[in-house]
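**Student:** Next input, structure requested:
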Amino acid sequence: MCKINLVSCNMWSFRRRYLFLLTGVLIGLAVLYFARDHQPVLPSQERVKGHHDQPIKDIVPVIPLREETYKLINDEIQNTELIDDSLQNKDQHLDVELKTIEISVPKGEEVHKQDTSEIDYGAHIQHDPEVDRPVSNATESTAKKHETNSITYVVRKDNSTGKYKQQQLHTHGKPNHIGNLNSTQPKVRIFHVEQGSGGLDDDDLQQGVQDRSQGSPSFWRRVDEYCNIPNKPVVGEEGRVPSGDYHLHSVHMVMRHGDRTPMGEIKFPWLKWNPKWKCDLQEASKKQSFSQLADFIAAASAGPSSGEAPSPKVAIYLQRLPVGAESRACARAQLTPQGWMQQILLGQHMREAYSGVLFPKTATWRDPVVPVQVHSTINARTQQSAFAFMYGLLPDLQYQDGARIQRVWNINFCRGIKCSCPSLSELGDVKDKIQGKQRRDYESLKEVHKEIKNILMPSLSKKEQKLYKLPGVSELQEIFFAALCHNKSLPCRGPECVTVDHFNSIVKGMDDVAEELRASEDSPHIQYGRLYMHPFLSVVSGDMKNAGNKTTKPPQFNLFSGHDLTILALLDALGLPDHRWPYYASHVVFELWTDRFFQHYVRILYNGEDQTKHVRFCRARVNKDGLCPLPYFLSFIKQDNMQYFKTNSYAESCQLQFKDLG
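**Tutor:** The predicted structure follows:
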């Protein structure tokens with residue numbers, strides 16, 4: 001037949017060879033597939049089910065460490081019960097406080113432990129198969145960076161069974177199988193995961209956690225400072241002066257509320273990133289470093305007797321604490337368990353600093369006279385922060401003590417006629433206009449905002465562009481800080497993610513702009529701070545002036561629970577040089593002291609550090625012990641601050657025109 005129809009014969013031969021070739025390719029692909037995903041499982045190498053069957057020993061090699069670390073990394077994890085995605089009884093898992101440790105196993109060498117910190121359960125283990133040499137924490141920033149594939153796991157203890165369970169969170173790149181334990185071993189990273197308020201839950205498993213190996217050490221120090229994780233006692237110089245020849249009379253303290261959920265959000269229908277915030281105090285109290293919340297709940301939840309109506313003097317936000325299943329989901333700008341705990345610890349610090357000096361060591365909220373006065377703005381988060389602080393400050397706090405909180409409408413704590421200041425509204429508008437323009441025009445902020453927009457937003461129609469807009473850099477800073485403060489990952493769209501380098505550029509740019517806005521003593525920010533906080537500073541100076549007058553003697557400890565804007569304006573008024581966004585539970589403290597000659601002095605601290613010599617009315621005026629004579633503060637309020645505005649009084653300054661500044 002081929003002789004009769006040569007063309008048809010050639011076509012048939014070609015098709016036959018093509019079919020043989022295609023069959024061979026398919027068989028080869030099948031062999032590769034089964035070689036990759038169906039390797040024989042050795043008894044000592046049980047695998048994590050459902051996730052590329054990654055061998056445990058490839059993730060946590062047998063390594064010679066000191067006894068407790070060896071036990072935790074090797075024995076406990078390798079003897080774990082391996083499970084798949086369908087974790088059962090998640091609420092029973094215990095996440096406890098961790099320290100950071102980095103270990104790597106170089107080829108043919110023993111492991112080198114880089115950190116002597118102990119570790120505990122609940123660790124995230126990241127498998128970096130390409131790391132082949134130890135990198136210490138101290139030299140990590142200068143070490144060669146590796147492009148690695150990685151798999152992140154969570155290891156937990158189930159209280160109901162006492163067993164340890166392991167689950168893969170997410171995979172970066174392709175899984176890497178290492179069957180020979182004598183070859184180069186992966187680096188093991190154990191991250192500090194107890195930064196949020198309630199450990200890890202379903203949302204964490206879906207959203208992922210932030211890898212702290214990204215970014216510079218200085219960046220993470222800044223994040224830790226802002227987040228102010230309440231896992232250790234607060235420290236500071238309050239209540240202590242170099243010499244013992246002084247007596248403390250009174251304290252006025254202004255603080256920012258504790259950790260809260262973000263006000264803004266990034267919510268696009270094409271993004272899966274939607275972090276959930278947990279506000280159930282009862283659930284959070286199960287965590288080791290938050291265990292004090294259980295006692296706080298018991299004390300503060302003791303409400304009215306059965307059938308008795310709640311006291312109208314107790315704020316609605318305090319009549320029922322966020323406890324129980326219906327309280328687990330947070331609203332926007334809501335105080336988190338982390339925020340409650342920050343204020344409890346801050347109150348305990350102030351009790352240690354001032355107990356036995358301002359009030360007896362045995363003082364409680366049940367005493368007939370309590371020398372403490374508490375003020376708060378009307379927001380839920382500030383009143384709840386004040387209440388948590390009160391619990392830490394004095395024992396025996398009860399539900400009805402919420403009535404002690406005096407609510408103020410204005411975040412500068414002005415009262416009465418002094419709140420009427422037309423110039424402030426105009427000056428505030430000018431200040432905000434200049435600030436907004438400078439942020440928009442700042443080159444690095446423009447660039448990083450554009451990069452983040454390209455990552456998170458696809459090409460949109462004109463109609464869609466009106467519906468979906470990326471928040472500005474200020475909102476992005478707030479949203480991303482909130483995510484990192486709770487150990488949540490930054491957002492991604494597909495394989496592209498916002499990185500910590502993007503966020504670092506935002507933080508650095510915002511810090512630079514804030515400093516530039518205050519470079520001149522005549523800048524709108526400085527003018528606004530000096531005028532805006534004048535009523536409050538007048539109250540503080542008046543209380544100090546009357547401290548020796550028994551008939552008008554004010555309470556000895558005065559708390560003002562406010563906001564970041566309160567702290568920033570106060571710092572501008574005082575002339576303190578820190579213009580960064582105040583961290584959660586930031587606080588400015590005014591102390592009144594007298595010496596043995598009955599001379600009065602003021603001492604001012606910011607976040608536990610003595611700043612008196614930097615305050616504008618105390619520069620080059622402090623004595624040998626770093627205290628500022630009170631008359632300089634009184635003179636600043638009576639005349640110097642208003643002379644700055646070229647007026648003779650606050651009322652006169654409030655009639656000035658500031659339009660030309662813009």
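**Student:** Helix, strand, or coil at M255?
**Tutor:** Per DSSP: H, G, I helix; E, B strand; the rest coil, the secondary structure class of M255 is strand.
**Student:** Read off the pLDDT value for the residue nearest to it when sequence neighbours are not counted.
**Tutor:** Excluding its sequence neighbours, the residue lying closest to M255 (C-beta to C-beta, 6 or more residues apart in numbering) is H587, at 4.0 Å. (C-beta placed from N, C-alpha, C; glycine too.) You'll see H587 listed with a pLDDT of 98.
**Student:** H587 and S385, how far apart?
**Tutor:** 11 Å (C-beta to C-beta, to the nearest Å).
**Student:** List the residues that are in contact with both of those two.
**Tutor:** M255 (C-beta atoms under 8 Å, 6 or more residues apart in numbering).
**Student:** So for these two, which residue has more residues nearby?
**Tutor:** More neighbours surround S385 than the other of H587 and S385, with 31 against 25 (other C-beta atoms under 10 Å).
**Student:** Please give me every residue in contact with that one.
**Tutor:** Counting by C-beta under 8 Å, 6+ apart, S385 has contacts M255, H257, G258, L335, G339, W340, Q343, S376, S561, A585.
**Student:** Contact partners for the fourth one?
**Tutor:** Looking back up the chat, that one is L335. H257, G258, D259, R260, C279, A380, R381, Q384, S385 are the contacts of L335 under C-beta under 8 Å, 6+ apart.
**Student:** Setting the sequence-adjacent residues aside, check what's closest to it.
**Tutor:** L335 sits nearest to R381 (C-beta to C-beta, 6+ apart), 4.3 Å away.
**Student:** any chance you could read off phi and psi for the one you found?
**Tutor:** Phi and psi for R381, reported as degrees, to the nearest 10, are phi -70, psi -30.
**Student:** how many neighbours does it have?
**Tutor:** 24.
**Student:** isn't it right up against D259?
**Tutor:** No - applying C-beta atoms under 8 Å as the test, R381 and D259 come out as separate, 9.2 Å apart.
**Student:** so where's the stretch 501-650 of the chain uncertain?
**Tutor:** 548, 550-552 (pLDDT under 70).
**Student:** scratch that, the chain
**Tutor:** In the predicted model of the chain, residues 1-22, 25-26, 28-211, 302-311, 548, 550-552, 659-662 satisfy pLDDT under 70.
**Student:** Please name the residues that touch the nearest residue to R415 once chain neighbours are set aside.
**Tutor:** Nearest non-adjacent residue to R415, counting by C-beta to C-beta, 6+ apart: V408, 6.9 Å away. V408 is in contact with H375, S376, T377, I378, C414, R415, counting by C-beta under 8 Å, 6+ apart.
**Student:** cool, and V314?
**Tutor:** Contacts of V314 (C-beta under 8 Å, 6+ apart): Y399, Q400, G402, A403.
**Student:** can you tell me how far it sits from I344?
**Tutor:** In terms of C-beta to C-beta, V314 sits 19 Å off from I344.
**Student:** quick revisit: ok, of the contacts of V314, which come out buried?
**Tutor:** Y399, Q400, G402 (16 or more other C-beta atoms under 10 Å).
**Student:** in terms of contact, does the first one touch A298 like I think?
**Tutor:** No - between Y399 and A298 there is no contact, the gap being 11.0 Å when judged by C-beta under 8 Å.
**Student:** For stretch 232-251, buried residues please.
**Tutor:** Those would be V234, G236, E238, G239, V241, Y246, L248, H249, S250, V251, for stretch 232-251 by 16+ other C-beta under 10 Å.
**Student:** before we move on, what about stretch 547-560?
**Tutor:** Under 16+ other C-beta under 10 Å, the buried positions of stretch 547-560 are A547, P554, P555, Q556, F557, N558, L559, F560.
**Student:** what does stretch 649-661 give?
**Tutor:** By 16+ other C-beta under 10 Å, the buried positions in stretch 649-661 come out as Y650, S653, C654, L656, F658, L661.
**Student:** in the stretch 151-300 of the chain, which spans are helices?
**Tutor:** In the stretch 151-300 of the chain, the helices defined using DSSP state H, counting those that start in this stretch lie at 202-207, 217-227, 281-284, 292-300.
**Student:** And the strands in the stretch 201-350 of the chain?
**Tutor:** For the stretch 201-350 of the chain, applying DSSP state E, counting those that start in this stretch gives strands covering 246-256.
**Student:** circling back to that earlier point, next, format the buried residues of stretch 547-560 as CSV and append secondary structure and distance to Y468.
**Tutor:** Listed next are the buried residues of stretch 547-560 as CSV, based on DSSP: H, G, I helix; E, B strand; the rest coil; distance: C-beta to C-beta, whole Å:
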residue, secondary structure, distance to Y468
A547, coil, 57
P554, coil, 53
P555, coil, 51
Q556, coil, 54
F557, strand, 49
N558, strand, 47
L559, strand, 43
F560, strand, 40
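**Student:** which one among these gets closest to L271?
**Tutor:** Of all the buried residues of stretch 547-560, L271 sits closest to F560, with 39.2 Å by C-beta to C-beta.
**Student:** what sits up against stretch 606-626?
**Tutor:** Residues outside stretch 606-626 that contact it (C-beta under 8 Å, 6+ apart): 234-238, 241-243, 246, 571, 574-578, 583, 586-589, 601-605, 627-629, 632-633, 635-636, 640.
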